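Novice: This is a predicted model, with the sequence first.
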Amino acid sequence: MNRQMVLVGFLQAQNCTNLPSSWRHPDSRDDSMSADYYQEIGRILEAGKFHMAFFDDRLAMPDRYGNDHAHTVEYGIRCVKMDPLIVLTTMGMVTERLGLGATCSTTYYEPFDVARRFATLDLMSGGRAGWNVVTSLNDGEALNMGRDSHPEHDSRYDKADEFMEVVLGHWDTWEDGALIMDKKTGRFADPTKVKRLDHTGAAFRSRGPFTVPRSQQGHPVIIQAGASGRGQRFAGRWGEVIFTAARNLQGAKDGYAAVRNEAAKAGRDPDQMFLCNLTTPVCAATKAEAEDKMALINKLPLQIDALSLLAEALNYDFASKDLDEPLTTDELKSMQGILGIRDGVLKNSGKSNPSARDFVTFSGRGQVQDAMVGGPKEIADRLEEMFVERGCDGFVIAATYVPGSYADFVQHVVPELQRRGLFQKDYRGKTLRENLGLKRPAAGAWKMPPRDAAE
């Protein structure tokens, strides 16, 4: 079969999409705290044969700007943060093939807890779960989780490597065939096929035995979104579906090659991973209609949206500087979180010491600066180019209003991609791994010699 795109719906369990102004759109549903809201999205994505619905998450509302949450609440800038696993469960109840992915932090949770939550979702959904591994972003999350400050960037990834070893180790401790379920003899499972982990490491201790058997797909799919050098190494070692955010074809190709190279260096098969680029399509039956939609969407964002999300993502209070005052080199170095945003602003602005206004202008944060606007042909042409030129293996489709953005894409763009042979007309199987074309992992398959995993 010819290579085909992976499509992922990018969701938030909150009052807006990743575009904070989306709730202000006149056609957005205003019941985002209801199960029906997310179940409608799930039905739309499954009708469009999307591989997965994916939830981003944070453990704090954006409150780093001015170190206050008032602006976040007043303007609805991602101020609601519900537990995405519970929301995914409600979506799983009304879908049969759609993958169910969610974010959970390695910085503020315990490995056993994360392993059990996602393994349970995997069983309850018939093998459709995916875990997006993140290291969290800022001091607001730290303070909510009982810490004084957020750990340094690279040290979080060092801890996350061990976190992964514990989670995958627990998932491996129930062998296939462990369940007997013999009512006559009274034997439920074979104890020789259920082992304790007994992990003792630099950051974690976890004994076991684990309490959830393996699912139809072995264990949940591992999702990652590392953008920095250290993040790319982490993604190359662990990620099976990897989210990228390249803003042009050349940047996408460079990032695609870099992550696949990291996977090869870690002893993995680069073809057993899928890089999906974040994309915001604004589509309609014709280009003119799409442009009219975009004109309305462009009226929605406020400057405070961008400043709030920049402060959140970089763990830096942009309110501490005048909007047009250049940031010092030390201030730029002090930034944490998604460092790809900072590095992108430095590159795109051409300034070694950009201002807060430059960050608003060149980051695209809180805006729809890089939206793909057009009818079916225009959108499909751009997606096809990035896909065929090996800038990615698929796309994470972000919404500008809900549920209309997803419905527009499914109605107008998906049939054109299918007509070109670029996207599936039906699901391949029942589990997320089957539908992605990923092998069912054997127990311990993730292990590799230390030298291969070394940086």
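Specialist: Right, received. Where do you want to start?
Novice: Only C-alpha atoms from now on, for both contacts and neighbour counts.
Specialist: OK.
Novice: Find the residue ranges of the stretch 151-300 of the chain scoring beneath the pLDDT cut-off.
Specialist: With pLDDT under 70 as the threshold, the stretch 151-300 of the chain has low-confidence stretches at 153, 227-228.
Novice: Quick one: the strands in it, in order.
Specialist: Remark: strands assigned in the stretch 151-300 of the chain by DSSP state E, counting those that start in this stretch are 179-182, 187-189, 199-200, 205-206, 221-224, 241-244, 274-279, 281-283.
Novice: Need the winner for burial among those strands.
Specialist: Per-residue neighbour counts averaged over each of the strands of the stretch 151-300 of the chain give the maximum for strand 281-283, namely a mean of 28 (mean count of other Cα atoms under 10 Å).
Novice: Sheet partners, orientation included, of that one?
Specialist: Strand 281-283 sits in its sheet next to strand 372-374 (parallel), going by DSSP bridges.
Novice: ok, the nearest residue to T400 once chain neighbours are set aside to G169 distance?
Specialist: Excluding the flanking residues, the one nearest T400 by Cα to Cα, 6 or more residues apart in numbering is S22, at 5.4 Å. According to Cα to Cα, to the nearest Å, S22 and G169 sit 40 Å apart.
Novice: same deal with D358?
Specialist: Counting by Cα to Cα, the gap from D358 to G169 is 45 Å.
Novice: okay, the two: which has more neighbours?
Specialist: The neighbour count for D358 versus G169, taken as other Cα atoms under 10 Å, is higher for G169 (24 against 19).
Novice: what's that one in contact with, if anything?
Specialist: L197, G444 (Cα atoms under 8 Å, 6 or more residues apart in numbering).
Novice: Check what pLDDT E416 gets.
Specialist: For E416, the model assigns a pLDDT of 98.
Novice: Name the helix or strand for it, please.
Specialist: E416 belongs to helix 414-419 when assigned by DSSP states H and E.
Novice: next one: A443
Specialist: Using DSSP H and E, A443 sits in no helix or strand.
Novice: That one and V194 touch, don't they?
Specialist: No - look at A443 against V194 with Cα atoms under 8 Å: they stay out of range, at 11.9 Å.
Novice: and for the two, which residues touch both?
Specialist: With Cα under 8 Å, 6+ apart, A443 and V194 have common neighbours T173, E175.
Novice: returning to what we had before: so can I have TSV of the strands of the stretch 151-300 of the chain showing distance to K333?
Specialist: Output for the strands of the stretch 151-300 of the chain, formatted as TSV (distance: least, Cα to Cα, whole Å):
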stretch	distance to K333
strand 179-182	53
strand 187-189	54
strand 199-200	34
strand 205-206	33
strand 221-224	24
strand 241-244	23
strand 274-279	26
strand 281-283	33
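Novice: Compare the ones you listed and give me the one nearest G9.
Specialist: Across the strands of the stretch 151-300 of the chain, G9 has its closest neighbour in strand 274-279 (9.8 Å, Cα to Cα).
Novice: And the contacts of the closest one?
Specialist: Contacts to strand 274-279, defined as Cα under 8 Å, 6+ apart, come from residues 6-8, 240-246, 252, 256, 371-372, 392-398.
Novice: Hmm, D317 and N67 touching each other?
Specialist: Yes - using Cα under 8 Å, N67 is in contact with D317, at 7.0 Å.
Novice: Could you give the backbone dihedrals for S105?
Specialist: Here is the backbone geometry of S105 (degrees, to the nearest 10): phi -80, psi 140.
Novice: got the contact list for it?
Specialist: Going by Cα under 8 Å, 6+ apart, S105 touches V133, V134, T135, S136.
Novice: What of Y406?
Specialist: Listed by Cα under 8 Å, 6+ apart, the contact set of Y406 reads G9, I41, I44, L45, I397, A399.
Novice: now do R260
Specialist: G236, P270.
Novice: how close does it get to P326?
Specialist: 36 Å.
Novice: isn't there a helix covering T72?
Specialist: Yes - under DSSP: H, G, I helix; E, B strand; the rest coil, T72 falls within a helix.
Novice: hang on, the earlier thing: turn the contacts of S105 into CSV, columns for neighbour count.
Specialist: Shown next, in CSV, are the contacts of S105 (neighbours: other Cα atoms under 10 Å):
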residue, neighbour count
V133, 24
V134, 22
T135, 24
S136, 25
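Novice: how close does the spatially closest residue to R365 that is not a sequence neighbour get to V368?
Specialist: Closest residue to R365 apart from its sequence neighbours, by Cα to Cα, 6+ apart: A306 at 5.1 Å. Look at A306 and V368: by Cα to Cα, they are 11 Å apart.
Novice: Which one's more surrounded, these two?
Specialist: Comparing A306 with V368 by other Cα under 10 Å, the one with more neighbours is A306, at 24 against 20.
Novice: rewinding a little: can you tell which of the strands of the stretch 151-300 of the chain is closest to A102?
Specialist: Comparing the strands of the stretch 151-300 of the chain by Cα to Cα, strand 221-224 comes nearest, at 8.7 Å.
Novice: Give the pairing partners of that closest one; include direction for each.
Specialist: strand 129-134 (parallel), strand 241-244 (parallel).
Novice: tell me how far it is from the chain's mean position?
Specialist: Between the centre of strand 221-224 and the centre of its chain there are 8 Å (Cα atoms, centre = their mean, to the nearest Å).
Novice: before we move on, the earlier item: which members of the contacts of Y406 occur in helices, if any?
Specialist: Among these, DSSP state H puts I41, I44, L45 in helices.
Novice: Am I right that the first one is in contact with P403?
Specialist: Yep, that's I41 we're talking about. Yes - using Cα under 8 Å, I41 makes contact with P403 at a distance of 6.1 Å.
Novice: just for the stretch 1-150 of the chain, where's the confidence low?
Specialist: Short version for the stretch 1-150 of the chain, where the test is pLDDT under 70: 1, 137.
Novice: the strands in it, which residues?
Specialist: Here the stretch 1-150 of the chain has its strands, by DSSP E, counting those that start in this stretch, at 6-12, 52-56, 99-105, 129-134.
Novice: Pipe these into JSON lines and attach distance to N353 per row.
Specialist: Formatted as JSON lines, these follow (distance: least, Cα to Cα, whole Å):
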{"stretch": "strand 6-12", "distance to N353": "32"}
{"stretch": "strand 52-56", "distance to N353": "30"}
{"stretch": "strand 99-105", "distance to N353": "32"}
{"stretch": "strand 129-134", "distance to N353": "28"}
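Novice: among these, which is nearest P376?
Specialist: Comparing the strands of the stretch 1-150 of the chain by Cα to Cα, strand 6-12 comes nearest, at 15.9 Å.
Novice: So for the closest one, what gets flagged as buried?
Specialist: Buried residues in strand 6-12, counting neighbours by 16 or more other Cα atoms under 10 Å, are found at V6, L7, V8, G9, F10, L11, Q12.
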